[in-house]
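K.L.:
any chance you could fold what I've pasted below:
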Amino acid sequence: METSEPGKSKFPLWMQILVGLLFGVVVGMVWPGVGVMLQPIGTAFVKATKMLVMPLVFTAVTLGVYRMGLDLRQLGRLGGIAFLWFYVATGISIALGIGLNQVFHPAAGVPLLIAGNIPQNLATSVDWTKFFLDMIPDNIVTSVAQQKIIPTLFFSVCFGLGLAALRDTAKPFINILDIIMQAMFKLTSGVMATAPFAVSAIMAWVVATQGSKLILATSKLIGTLYIGLFILILFFWLILWILKEKPFQTTKLVMEPLLIAFATASSEVTLPTHMKILQQAGIPNKVVSFVLPVGYSFNLDGSTLYQSLAVCFLVEAYGFHIDLPSILTILFTTFIASKGTVGMPGASLVVLAVILTAVGLPLEGIAMLAAFDRFMDMGRTTLNVFGNTIAAIIMYRFGGDRLAETETTEAEVVSA
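P.N.:
The predicted model follows:
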């Protein structure tokens, strides 16, 4: 993968975002009143970015599936490799979370005090029938309007296959979808120009409203999580090195979506710019448009690391010893529940509830975690984004020349 940065300047956007992030932290600490007042700026940025997500997902996935659907073996190959990697990465993340708890025991000496509220109607099991039925949209317009990405993905895949079956007849509509996607990328560039100011406002608000008391009270758990996230980054760098990619240059390439993910604690906000950057770097549209939207729903390495670590933390905070049967239960339940809760509101809390129920513990501890979840969410969301960068590179490299674009790629269009 070519990792040169198009339009490179002495002060690139990712560096501007980093400066804005640090400035926001200072404002939130020194002038908390100002930090609170800046919240609308960050909210406007998040809303503007989310405005682009659903149109981009629909057009990108439809186009990607159409181009691969002309060769169904290619589509099956990419899908098989993608989900194999998703489950391997998930298993590694879960095992790492359990292992870190066994090494550091972050719950040692922490009394389980409830400092928050458990969400009402929090699911404690996975309804697999409902999970699969919810993937099929009753009304695609309603699903898009409600920002339901899984039904939108399902419809886009089916629609792309339908267009592929029409072959040349579908080309006029394919050209329209191409134009829409190009317009989405142009809008993304405009929104991203405001990112340094928005990130600064978001960080000022977070620091001003969340403070540092909860971080200090649970610093061992937060520190253990970030150690785990760093270990996963090292693992991903090793994968890149094996694939003969440059780890630091690749990380620098996607620094913009990584910093935005950290500031906003939202993966979907980074999707438009993430897709644009990877396509500009030379990964074919058909790979990026399939792997990233699917990966943002099914490949959440940072989240699964957190879920397994958080459950182990709560088990020990309740005063129980984690034996081998408990470890296996947590490993297996997290592995299954993390995929079965995709698309649910508050998915991470739902996974925790499912696992705690499986090991026979009360759910009240979730409220304590929820009270300072923002600071951990920022880190795990960043890792989710980086993990999907690795997934896209793996899909491209293992697909080889078969995945090369046969038409003009979006990267060529954007950089023209």
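K.L.:
residue boundaries of the helices in the stretch 201-350 of the chain?
P.N.:
Remark: helices assigned in the stretch 201-350 of the chain by DSSP state H, counting those that start in this stretch are 213-217, 219-242, 247-253, 255-264, 271-280, 285-298, 301-317, 324-340, 347-358.
K.L.:
count of neighbours near residue 235?
P.N.:
Per other C-beta atoms under 10 Å, the neighbour tally for residue 235 reads 17. To be clear about C-beta, it is placed using only N, CA and C from the backbone, and glycine gets the same treatment.
K.L.:
in a markdown table: the helices of the stretch 201-350 of the chain, plus distance to residue 105.
P.N.:
Listed next are the helices of the stretch 201-350 of the chain as a markdown table, based on distance: least, C-beta to C-beta, whole Å:
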| stretch | distance to residue 105 |
| --- | --- |
| helix 213-217 | 16 |
| helix 219-242 | 8 |
| helix 247-253 | 31 |
| helix 255-264 | 27 |
| helix 271-280 | 36 |
| helix 285-298 | 31 |
| helix 301-317 | 6 |
| helix 324-340 | 14 |
| helix 347-358 | 18 |
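K.L.:
quick one, which of those helices gets closest to residue 134.
P.N.:
helix 324-340 (10.9 Å; C-beta to C-beta).
K.L.:
and the closest one, what's buried?
P.N.:
326-327, 329-331, 333-340 (16 or more other C-beta atoms under 10 Å).
K.L.:
quick one: it to chain centroid distance?
P.N.:
Relative to its chain's centre, helix 324-340 lies at 21 Å (C-alpha atoms, centre = their mean, to the nearest Å).
K.L.:
for it, name the packing helices and strands.
P.N.:
On a contact count with 3 or more C-beta pairs under 8 Å, 6 or more residues apart in numbering; DSSP states H and E, helix 324-340 meets helix 72-104, helix 301-317, helix 347-358.
K.L.:
only C-alpha atoms, please: export that helix in PDB.
P.N.:
Output of helix 324-340 as PDB, limited to C-alpha atoms (Å, rounded to 0.1, in the frame of the first residue of the first chain):
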ATOM      1  CA  LEU A 324     -10.300 -21.400  34.900                       C
ATOM      2  CA  PRO A 325     -14.000 -22.200  34.300                       C
ATOM      3  CA  SER A 326     -14.700 -18.400  34.900                       C
ATOM      4  CA  ILE A 327     -12.100 -17.500  32.400                       C
ATOM      5  CA  LEU A 328     -13.500 -19.800  29.800                       C
ATOM      6  CA  THR A 329     -17.000 -18.500  30.400                       C
ATOM      7  CA  ILE A 330     -15.900 -14.900  30.000                       C
ATOM      8  CA  LEU A 331     -13.900 -15.700  26.900                       C
ATOM      9  CA  PHE A 332     -16.700 -17.600  25.200                       C
ATOM     10  CA  THR A 333     -19.500 -15.300  26.200                       C
ATOM     11  CA  THR A 334     -17.700 -12.200  25.200                       C
ATOM     12  CA  PHE A 335     -16.800 -13.700  21.900                       C
ATOM     13  CA  ILE A 336     -20.400 -14.500  21.100                       C
ATOM     14  CA  ALA A 337     -22.100 -11.500  22.700                       C
ATOM     15  CA  SER A 338     -19.800  -9.000  21.100                       C
ATOM     16  CA  LYS A 339     -21.100 -10.000  17.700                       C
ATOM     17  CA  GLY A 340     -24.700 -10.600  18.700                       C
END
